[in-house]
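*Asks:* Sequence plus the predicted model coming up.
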Amino acid sequence: MKGLRWVAPPLILALGYLAYTAIAATEPQTEADVVSQAAPVVETQVISPMQHQVVLRAHGEVMPVETTQVAAQVSGEVVSWHPSFVAGGIVKRGEILFAIEPDNYEAAVLSAEADLASAKAALIEEQAQAAVAQRQAKTLPASQVTDLYLRKPQVLSAQARVKSAQAALKRAKRDLANCKVTAPYDALVVSREIGVGQYINIGTPVATLNNIESAEIHLPIPGFDSAFLPTQLAGIGATITRNSAQPVSRQGKVVRDLGVVEKRTRMMQVVVRLDDPYGINSDAMPLPFGSYVEVTFTGTTLSNVFKLPQELIQNRQVWVVNDNNELMPRTIRVVRTEGEFMFADQGLEPNDRLVVTLPEFPEKGMTVRLASQVAEANDE
């Protein structure tokens, strides 16, 4: 009996554990146990190849197509200038920027006209004398009739004096016209260096003008975008946007590339033309020179590519569900990234079921349930 007293407690504990195990084994599974053992639910999207028009995006500064240093072509005193001929002013093509005292040049025109009239009179006289000599020559032996007798040199000399007088008159009229300096194009006045009463000499720089009939934007195109530039650039439409407190959007067009790759950045430059940047000939919002803008234009077209959200791609890999409802990884080749999407041309097949909500720890061959199938089962 004494030995039984030492054996009884362990025996009772062992019997109790066996009883608990038997009860636990026969207890029905709770709903939580069933859920924990069920396959994870995923959402999928059936994908198909598509054609995608590449949109290229770059940034640049609005710049004038040309800048002109205005200089006087005649000397004289400045007698007047246009009210808008000031820094920041806008003048139209053909408007008079400033005027130089014309009296001396008007007198030069009158003098040149008088010289021309005199030269023409001398020519008429020589031609008349040559006609007389021609008639008299008919009664003389041929050996006595020379060019000098017929006054041919005198006539040629008189004709030369007429041409010289005509040239002098033309120069005098040109100088008179140059007393009024006009705008060569619609222009923004950058600076003006003269005032009324100032005497200027020929060639003196008097102002700087920027052409505002059109503007250019030079866009740096990185290497990964240059591959998608179309073969024919000229004429492609471009949208020009300035993001600011008052956003401005204008339409321009690509006109050319600069034909070189910049050594430091290894980028090429594409030039976009914008007509009437200051909106003086239309109701368009102005885009002043110096504005920093974003430009978008179309590139090449990608064929048979799959459009995929970037968030689903990790290390160039996505997940699909096969016909057996198993997760399968696919390695893709990305050919283009735009915003939040990537475009792949290899690694996927038409009508693949792309997983858009992955399990926490996805594994190859993991059995999953489709959210659409679970919803249908719940509706039943």
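*Replies:* Nice, I can see it.

*Asks:* Can you give me the pLDDT of the residue sitting nearest the centre point of the chain?
*Replies:* Within the chain, the residue whose C-alpha comes closest to the C-alpha centroid is Val272; the distance, by CA atoms, centre = their mean, is 3.1 Å. Looking at Val272, its pLDDT is 97.

*Asks:* how near is it to Leu219?
*Replies:* Relative to Leu219, Val272 is positioned 6 Å away (criterion: CB to CB, to the nearest Å). Backbone N, C-alpha and C define where each C-beta goes, glycine included.

*Asks:* shared neighbours, the two?
*Replies:* With contacts taken as CB atoms under 8 Å, 6 or more residues apart in numbering, Val272 and Leu219 have Gly60, Val295 as neighbours in common.

*Asks:* Correct me if wrong: Val70 contacts Asn210.
*Replies:* No. Here Val70 lies out of contact with Asn210, judged by CB atoms under 8 Å, at a distance of 11.4 Å.

*Asks:* before we move on, back to that, did I read that right, the residue nearest to the centre of the chain in a strand?
*Replies:* Yes. The secondary structure assignment for Val272 places it in a strand, going by DSSP: H, G, I helix; E, B strand; the rest coil.

*Asks:* which ones are touching it?
*Replies:* Contacts for Val272 (CB under 8 Å, 6+ apart) come out as Gly60, Glu216, Ile217, Leu219, Ala238, Ile240, Gly252, Lys253, Val254, Val255, Val295, Phe297.

*Asks:* Now go through those and say which are in strands.
*Replies:* The members of these that map onto strands under DSSP state E are Gly60, Glu216, Ile217, Leu219, Ala238, Ile240, Gly252, Lys253, Val254, Val255, Val295, Phe297.

*Asks:* Now restrict these to buried residues only.
*Replies:* Applying a neighbour-count criterion of 16 or more other CB atoms under 10 Å, the buried members of the ones in strands among the contacts of Val272 are Gly60, Glu216, Ile217, Leu219, Ala238, Ile240, Gly252, Val254, Val255, Val295, Phe297.

*Asks:* On the three-state scheme, Arg161 is what?
*Replies:* For Arg161, the secondary-structure state derived from three-state DSSP is helix.

*Asks:* Count residues in the vicinity of the closest residue to it other than its chain neighbours, would you?
*Replies:* Once flanking residues are discounted, Arg161 sits nearest to Ala119: 4.2 Å by CB to CB, 6 or more residues apart in numbering. Ala119 sits with 20 neighbouring residues when counted by other CB atoms under 10 Å.

*Asks:* Show the pLDDT at Ala119.
*Replies:* On the pLDDT scale, Ala119 is placed at 93.

*Asks:* Equivalent analysis for Val109, please.
*Replies:* The pLDDT attached to Val109 in the predicted structure is 96.

*Asks:* and the gap between it and Lys170?
*Replies:* From Val109 to Lys170 the distance is 10 Å (CB to CB).

*Asks:* ok, these two, which is more surrounded?
*Replies:* Neighbours of Val109 and Lys170, each counted by other CB under 10 Å, are more numerous for Val109; the result is 19 against 12.

*Asks:* Hmm, Ala168 and the more buried one touching each other?
*Replies:* No. In this structure, Val109 is not within contact of Ala168 by CB under 8 Å, at 9.8 Å.

*Asks:* Mind listing what's buried along stretch 257-269?
*Replies:* Of the residues in stretch 257-269, those buried (16+ other CB under 10 Å) are Asp257, Met267, Met268, Gln269.
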